[in-house]
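Q: just to be clear, the model below is a prediction. Sequence and coordinates:
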Amino acid sequence: MTQNNYSFAKLTNGRAVRLDTIPTIAFDGFRQAILDGVAYGQRVSAMFGDSTSQSDVTLLYVVMADDEQNQLYVGRTQIEGDQFPSLTPDCPQVHLFEREIAEQFGLKPIGHPWFKPVRYHHSKTSRDAWNRPSNQPILPGVGDFFQVGGDEVHEVAVGPVHAGIIEPGHFRFQCYGEQVFHLEIALGFQHRGVEQALIGGPNNRSIHYSETLAGDTTIAHATGYCQVLEALAHCQKTARAQMLRGVALELERLANHVGDLGAISGDVGFLPTASYCGRIRGDYLNMTALLCGSRFGRGMIRPGGVGFDIDDNRASELLRRLDKAEKDTTVAIKLLWDTPSVMARLENTGTLPKSIAIELGIVGPAARASDLPRDIRQDQPSGIFRFSHIPASTCDTGDAFGRAFVRWLEIQHSIQFIREQIGAIPAGSPLVKVGSLAAESFVATLNEGWRGEVCHIAITNQQGNFARYKIVDPSFHNWAALAYALRNQEISDFPLCNKSFNLSYCGHDL
Amino acid sequence: MTDKIIHILLLIVMPPLLLGVINKTKAWFAGRNGPPVLQSYYDIIKLLRKGMVISTTTTWIFIAGPVVTLAAVLLAGMLIPIGSFNSPIAFAGDLILFAYLFGLARFFTTAAAMDTGSPFEGMGSAREVTFACLSEPAMFFAFLVLAKLSGSLTLTHMLHGPAEGFSSAMAAPLILVSIGLFVVLLAETCRIPVDDPNTHLELTMIHEVMVLDHSGPLLGIILYSAAMKMFILGTVLLHIILPFQTRTMWINWPMFIIELLGLAIVIGIVESIMARLRMRHIPGLLIAALLFCGFGFILLVRYNQ
């Protein structure tokens, strides 16, 4: 079933190739290869533009993931002028990528059904897809929104300033009484220009940029960035370093999943689990701090390995804490499934059907809750996950319960994984030297962060510095799923649905 | 006279304590120390000393809302008897005034909310009045049962009815009515499973969302009248579920206070062990309360025939 994408270069996760091995094909072939790939069950991990020496020529890259075959397909095409035919009507999962390309390079995707900016900034070129004057500031969230008309229809706007301590984002609900017809999400308030700042690197700042792409996904993003460097420098990490990276990644997943389950519980007004999980999340964060001194894993992942080694004392202390936390977690979370009032609230709330999840290219626990067994640790494994497998946890309900339950399954798998790894620590140096980067090369790395696929892509120039750096946070794929899940739901269920996805604002806005 | 003074003092001083006890109970279930029991007093005093931010789109209704609400609730508190004592104000048919004082308070709260023009507050108002349509008849059925039982239309006599003794056949209607009234109490005072007083999520709120724009002293008044409403409805419920009293006044007052604090603990326990209902299911719960009170009345009427 994979007789397709012949025109694209075949890659594996985290392997650098010379840029000239990636074929530049005509747009029609490019378009057809993407559509064929998606029809065969591949998904678009990233699609992005890159400027060339000629100002009216832009390169479009696409990275397709074939999860069954453990392969990545990369292709590119040249766009001349200021427009190209949109793929979104035939392939909805690229809708946001096309808007991003339009915003960054001033290329209009002709036929895009809802053509709006993503992050509200000026383009890198002299063109602007919306013909906005370049001398005036662009205000985030200002622009067209869906509208519905008629009697008894009303509109509720939430944000960008929220009641809770969360990041800014604007949500607009088109409602009929309590029923939501449509939710439109406008983000971009957190745009920092990280991709742009990484260009010309790597330098001393780059690793810190990557650690702060999304504060709660520090390990996954830093791992993605370091794998990029290591692939470009053909650096061989030790088994010890890979194991410690895996442990840190799973600890990050544990802390966030437990925190999420607590927050979901809080949103339905169920006090016990909300309170316990709030504390237990801290226990997992402290285990990360035991590894590297930072509760959020800053400084743990470094190019060439890990910044902090583990010794026997800390290993046994980690296992001791893990046992205790596992007991507490089990008690706290089982309460959720055993309480009818909680289950009544979670079941059939914010359902995302499998077909829609496939169409929108959803990743991570949100996809797995819709019975889509996508998990980079299983499908495109790198590092320790090539040797120690964690099965993908799925649930077939697609509702808020599914998303909560998948988290619980993953918590159990992650705990078991950490216990196995810490029980048999391989010898070796935690850190090896990373040499200079290969010039004019391309690399894509995928990692399964706790929210889903974290994709880092780098293209180097003749000096071996970053000429283009592209980051796709799982939130970039998944915000559309939240909007879809809200259709025909009650507006009062929004906070619960939102929490069950728990997407990142800054990871999307970059 | 002493009774009346104690009545008024209790009505004015005690309500915030109930919130404190509920929060303490919830904290205990969550394994926390929780805020001091007197925290609600501190909060209200703090708010009363603060300044106010008033939106330029509002009119006098915005300010009148909380003030009228407090006045209405305070007056309603004068109409009910506390423990074994008579109410300061009593006349035949005062139950109608009692019910509609709550109606008046609700009207002004929702009007003040709509006055801001915020879609949140409009949404909250719509929810509040929708659910009130169901809790109000439940309360009336409960009163009908009590009126039938005591043969009086004065709240003091009606509520003292159960304490003056009743035949065993009356137990069933009274049990039904107390269940119904407990649900009404939870709904009217915005507790779980109907509303979550601690949530910060505007979209899920019912009562809290209507007062989002009120600040400072006005917010303090709103919190205070909400607590007083709980005190009053709790008192009404206690007459039915715990109709015991001694002949000594100096035992009856403390006994009432302990009973009411016990009720607050029960509310705290309910909040601690169950999740909120989905908004769509709240009318179901209130209809159940209405049916409990209604069936209580039917049973009573059948028995009397």
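A: Yep, it's here.
Q: mind giving me the packing neighbours of the longest helix seen in chain A?
A: When chain A is parsed with DSSP state H, its longest helix is helix A:239-267. In terms of contact count using 3 or more CB pairs under 8 Å, 6 or more residues apart in numbering or on different chains; DSSP states H and E, helix A:239-267 is assigned the packing partners helix A:218-233, helix A:271-292, strand A:305-306, helix A:312-338, helix A:400-423, strand A:441-449, helix A:494-501. Where C-beta positions appear, they are placed from N, C-alpha and C, glycine not excepted.
Q: got CSV for the ones you listed, with mean neighbour count too?
A: Formatted as CSV, those follow (neighbours: other CB atoms under 10 Å in any protein chain shown):
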stretch, mean neighbour count
helix A:218-233, 27
helix A:271-292, 21
strand A:305-306, 26
helix A:312-338, 16
helix A:400-423, 21
strand A:441-449, 27
helix A:494-501, 25
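Q: up against chain B, what does chain A have?
A: Residues of chain A found near chain B (CB under 8 Å from any CB of the partner chain) are A:154-158, A:163-164, A:177-178, A:265, A:267-272, A:274-276, A:279, A:339, A:341-342, A:344-345, A:349, A:490-496.
Q: now A:A467: phi and psi?
A: phi -90, psi -30 (degrees, to the nearest 10).
Q: next one: A:S51
A: Reported as degrees, to the nearest 10, the phi and psi values for A:S51 are phi -80, psi 160.
Q: of the residues of chain A next to chain B, grab the buried ones for PyMOL.
A: Here is the PyMOL command that selects the buried residues among the residues of chain A next to chain B (16 or more other CB atoms under 10 Å in any protein chain shown):
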select buried, chain A and resi 156+157+158+178+265+267+268+269+270+271+272+274+275+276+279+339+341+342+344+345+349+490+491+492+493+494+495+496
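Q: distance of the spatially most distant residue from the centre of chain A from B:M1?
A: Centroid-distance maximum for chain A: A:D151 at 39.7 Å, with CA atoms, centre = their mean. Separation of A:D151 from B:M1 (CB to CB, to the nearest Å): 58 Å.
Q: and if you look at B:H214?
A: Taking CB to CB, one finds B:H214 at 37 Å from B:M1.
Q: out of those two, which sits in the busier spot?
A: Under the criterion of other CB atoms under 10 Å in any protein chain shown, the comparison of B:H214 against B:M1 puts B:H214 first, with 27 against 5.
Q: please identify the helix or strand for the residue nearest the centre of chain B.
A: What sits nearest the mean C-alpha location of chain B, by CA atoms, centre = their mean, is B:M230, with 3.3 Å. B:M230 belongs to helix B:216-241 when assigned by DSSP states H and E.
Q: which helices and strands does that helix pack with?
A: Judged by 3+ CB pairs under 8 Å, 6+ apart, the packing partners of helix B:216-241 are helix B:2-13, helix B:15-30, helix B:39-48, helix B:60-79, helix B:94-115, helix B:155-160, helix B:171-188, helix B:249-273.
Q: contacts for the longest one, please.
A: Just to be clear, that refers to helix B:249-273. Identification of contacts with helix B:249-273 by CB atoms under 8 Å, 6 or more residues apart in numbering or on different chains yields A:269, A:271-272, A:339, B:2-3, B:6, B:10, B:14, B:17-18, B:21-26, B:29-30, B:82-85, B:185-186, B:191-193, B:231, B:234-235, B:237-238, B:242, B:244-246.
Q: and the next helix or strand past it?
A: helix B:282-304.
Q: got the buried residues for that following helix?
A: Per 16+ other CB under 10 Å, helix B:282-304 contains these buried residues: B:282, B:285-286, B:289-290, B:292-297, B:299-300.
Q: do that helix and chain A come into contact?
A: No: judged by CB under 8 Å from any CB, helix B:282-304 makes no contact with chain A; its nearest approach is 9.7 Å.
Q: follow-up on the earlier one: angle of the longest helix of chain A against helix A:271-292?
A: Calculated by axes from the mean of the first three to the mean of the last three CA atoms, to 10 degrees, helix A:239-267 forms an angle of 160 degrees with helix A:271-292.
Q: how about helix A:239-267: buried residues?
A: A:240-267.
Q: in the helix ranked longest in chain B, which residues are buried?
A: Selection of the longest helix in chain B by residue count, based on DSSP H, yields helix B:119-150. If you call a residue buried by 16+ other CB under 10 Å, then helix B:119-150 has these buried ones: B:119-128, B:130-132, B:134-150.
Q: hang on, A:K470 in a helix?
A: No: applying DSSP: H, G, I helix; E, B strand; the rest coil, one finds A:K470 to be strand, outside a helix.
Q: for it, give its distance to A:A46.
A: A:K470 is 6 Å from A:A46, by CB to CB.
Q: counting neighbours, go ahead and name the busier of these two.
A: Between A:K470 and A:A46, counted using other CB under 10 Å, A:A46 has the larger neighbour count: 24 against 21.
Q: next SSE after the helix or strand where that one lies?
A: For A:A46, the host element (DSSP H and E) is strand A:43-51. Using DSSP H and E, the helix or strand that follows strand A:43-51 towards the C-terminus is strand A:57-66.
Q: please identify the buried residues of the following helix or strand past that following strand?
A: Heading C-terminal from strand A:57-66, the first helix or strand you meet, by DSSP H and E, is strand A:71-80. For strand A:71-80, the neighbour count (16+ other CB under 10 Å) marks A:71-77, A:79 as buried.
Q: ok, back up a step: would a markdown table of the buried residues of helix B:282-304 with pLDDT be doable?
A: Shown next, in a markdown table, are these (pLDDT from 0 to 100):
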| residue | pLDDT |
| --- | --- |
| B:I282 | 91 |
| B:L285 | 93 |
| B:L286 | 94 |
| B:A289 | 94 |
| B:L290 | 95 |
| B:F292 | 94 |
| B:C293 | 94 |
| B:G294 | 93 |
| B:F295 | 93 |
| B:G296 | 92 |
| B:F297 | 92 |
| B:L299 | 91 |
| B:L300 | 88 |
